Structure formats: C-alpha cells, structure tokens
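Engineer: Have a look at this prediction, sequence included:
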Amino acid sequence: MARYQVILAYDGTQFHGSQRQLEVRTVQGVVEDALRELNWAGESILMAGRTDSGVHAVGQVLAFDLDWRHSPEDLRNALNALLPGDVSVRRVSESGPEFHPRYDALSRVYRYRVLVDPVRSPLEERFSWRVWPAPALDRLQAAAELFLGVHDFAAFGSPMSAEGSTVREVIAANWHPADDYLVFSVAANAFLYHMVRRLVHVQVKVGQGVLQVDDILPFLEHPEGPPVQGLAPPQGLTLMRVNYSRE
C-alpha cells in the first residue's frame, strides 16, 4: 500500500464542482469511480481544494492510498483509460504516507481569462468571460495591486465554515494582455469561497470606469460588501497549480 499524489486536469463545464455530491456529476465522483475499478478500497480521495461548478483545472492535486504493483506511469495510464474525456491524470508520483494535498499546500495559483469582444464568440466563451466595453488594462492592474499582502477578504468571499478566518495573503496579482484576452493571474496562501470570481468582477468594473480604484480600499480596511454585487462567471477560471515548496 502506498500513497499516490496526482496532478489532475479537467474541463469543468459538465461538472457540478469538484467535491462529491449525491446524484450529480462531480470531479471527485468520477475519479473515485475509476479508482474502484482498480480495487481501491478507500472512502474518499484527498483534494487540494474545491472548485465551483463550471470552473476548470490544469493543476488540481489529489492523493489516495492504493495497493498498486506497477509503476506510477502505469497507474496514470490505467486511470486515464477509465476516466471520461473531460478529465485527465497528468502525472502520478508516490508521496510520503502523511502527505495531504490541502494542508501541506503553501499557495494556490488561479488564472482568469476575460475575452474583450463586442460580439459573442461561442467557442471562446466556453473558457472565458466576454466583456464589453473593454476594461482599461492600467486600471485593472492598479486595482489588482491593492489586493497584495495580508488582508481580511470578507467583502470578497466567505470561509468554508462559519468559524473560519477570512484573512488571506495574496502573493501575486497581475493582469496581462494576450491577443483578444485580458488575463488575471493570482496566487495566495488560500482562497475564500468565490473570492477569485468576486475579485475579477470588481476589477472589471474598475477597468470599465463603473468603480474607482479608491472605492476598493474601504472594503479591505473594514470588510463589508462587496463593493459591487455580482460574480465573474465560472467558465473563465482555471486552477493552474498548487505549490508545496517555496522554490
């Protein structure tokens, strides 16, 4: 019996989030179904974090214990042969027996893609939020810089439990242009529920001139809110990676 660490990618379009739920399709559910075909006897896999319905991943991390007599590469291939086409095991490695993908993580990195286009684009919008009028890049970046450091983000998300802290440390927050897209990359020690999508929504409103950059500050100093109602839609968001070292 060994503990395995898995890097998982998935198109979240047809999933009701990553966490297992009764009677709906989830990422955890399909992975556990595949593992049972390999005689996995566990009750629940461990995951680095939850993603909402419609949110994607290229670097979700999970772990499980399995009596497997072949190589990690063979395990990757066996799982991919059993998984549906919108989920892929990218890498498998043995880990220490105490490894926990959530509690051992030092930071998570997300990317959000904003498509700047006045006309709908059915293929592109599967993985992005189409926005018009175009947000100004300099205003987006000025807003993003306010989130750096340790803040109480209660105005931008909620903890997983009623007693949970809403203080998080944002390590990086940047916007950059890519063809017809404006792309937001953000890294933090952890994220609140809906935090990235609300941050993006607020920044886009700043970029469009609906809000001013200074309008955000009171909501970081005295969390109430949010500054404006709404969430960026889920399909623009992707979990890129989970970091377990500072290198």
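Structural biologist: Perfect, I can see it now.

Engineer: Please name the bridge partners of the nearest residue to G96 once chain neighbours are set aside.
Structural biologist: Among residues not flanking G96 along the chain, R3 sits closest, at 6.9 Å (C-beta to C-beta, 6 or more residues apart in numbering). In short, each C-beta sits where N, CA and C put it, glycine included. On the basis of DSSP bridges, R3 is bridged to D65, S95.

Engineer: So what's the residue count around R3?
Structural biologist: 16 (other C-beta atoms under 10 Å).

Engineer: dump the residue contacts of it.
Structural biologist: Each residue near R3 by C-beta atoms under 8 Å, 6 or more residues apart in numbering is listed here: A63, F64, D65, E94, S95, G96, P97, F99.

Engineer: L82 now?
Structural biologist: With contacts defined as C-beta under 8 Å, 6+ apart, the neighbours of L82 are D33, A34, E37, L38.

Engineer: per-residue confidence for it?
Structural biologist: The per-residue pLDDT reported for L82 equals 98.

Engineer: what do you get for G225?
Structural biologist: For G225, the model assigns a pLDDT of 68.

Engineer: Redo the contacts of L82 as CSV? Include neighbour count.
Structural biologist: Listed next are the contacts of L82 as CSV, based on neighbours: other C-beta atoms under 10 Å:
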residue, neighbour count
D33, 13
A34, 19
E37, 11
L38, 13
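
Engineer: In helices, which of those residues fall?
Structural biologist: Those of those mapping onto helices are D33, A34, per DSSP state H.

Engineer: Please identify which of the contacts of L82 is nearest to A48.
Structural biologist: Top of the list for closeness to A48, among these and by C-beta to C-beta, is A34 at 18.4 Å.

Engineer: Can you spell out which helices and strands pack onto the longest helix seen in the chain?
Structural biologist: For the chain, the helix that runs over the most residues, judged by DSSP H, is helix 195-207. Helices and strands touching helix 195-207, as assessed by 3 or more C-beta pairs under 8 Å, 6 or more residues apart in numbering; DSSP states H and E, comprise strand 107-116, helix 137-146, strand 167-178, strand 181-188, strand 237-243.
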